[in-house]
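> Quick one, fold the following:
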Amino acid sequence: PQFIRAVGYKIYFWSNENNEPIHVHICKGVPSANSTKNGLQKIGDCILANNSSKIPEHDLKKIYKSIQYNFFYIIERWKERFGEYSIKFYC
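Numbering: from 1, shown residues only. Here you go, the predicted structure:
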């Protein structure tokens, strides 16, 4: 489900995340499992896992700020979607 928009991009979870660490997908247009993916770190930062959607660097910087600003909101939404004990971070 999509839950954040930033500079015209959708930020969302994919329905089946296969027990992966907490992350978000980013795209313009129709969401897909192969969109740009960012993992969340314990310190509140995010790390680029891939840029499959070929998002320009200047947009990625703005999107990262939105992800950081919404860090705790993203974690809460992840828990709601995948369960309380599903929280693992990339670093």
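
> got any ranges where the chain has weak pLDDT?
Low-confidence segments of the chain (pLDDT under 70): 1.

> Can you tell me the centre-most residue of it?
V24 (1.6 Å; Cα atoms, centre = their mean).

> How much space separates the nearest residue to that one once chain neighbours are set aside from Y85?
Distances taken as Cβ to Cβ, 6 or more residues apart in numbering place I11 nearest to V24, at 5.1 Å, with adjacent residues excluded. Any C-beta I mention is one placed from the backbone N, CA and C, and that applies to glycine too. Between I11 and Y85 the distance is 23 Å, computed by Cβ to Cβ, to the nearest Å.

> Looking at these two, which one has more neighbours?
When I11 and Y85 are compared for neighbours, I11 comes out ahead with 22 against 7, by other Cβ atoms under 10 Å.

> Packing partners of the helix or strand hosting that one?
With secondary structure defined by DSSP states H and E, I11 is part of strand 9-12. Using 3 or more Cβ pairs under 8 Å, 6 or more residues apart in numbering; DSSP states H and E as the contact criterion, the elements in contact with strand 9-12 are strand 2-6, strand 23-27, helix 57-69.

> Would you mind getting the angle between the first one and helix 57-69?
Right, the one you point to is strand 2-6. Between the axes of strand 2-6 and helix 57-69, defined by axes from the mean of the first three to the mean of the last three Cα atoms, to 10 degrees, the angle is 130 degrees.

> surely K79 meets F72?
No: between K79 and F72 no contact is recorded; they are 10.7 Å apart, counting by Cβ atoms under 8 Å.

> Looking at these two, which has the bigger crowd around it?
Comparing K79 with F72 by neighbour count (other Cβ under 10 Å), the higher total belongs to K79, at 14 against 9.

> and the more buried one, what is it in contact with?
If a contact means Cβ atoms under 8 Å, 6 or more residues apart in numbering, then K79 has S86, I87 as its contacts.

> Surely it is within a strand?
No: assigned with DSSP: H, G, I helix; E, B strand; the rest coil, K79 falls outside any strand and is helix.

> ok, it to S15 distance?
Here K79 is placed at a distance of 16 Å from S15 (Cβ to Cβ).

> My guess is the residue nearest to V24 contacts Q2. True?
Yes: counting by Cβ under 8 Å, I11 touches Q2, with 7.0 Å between them.
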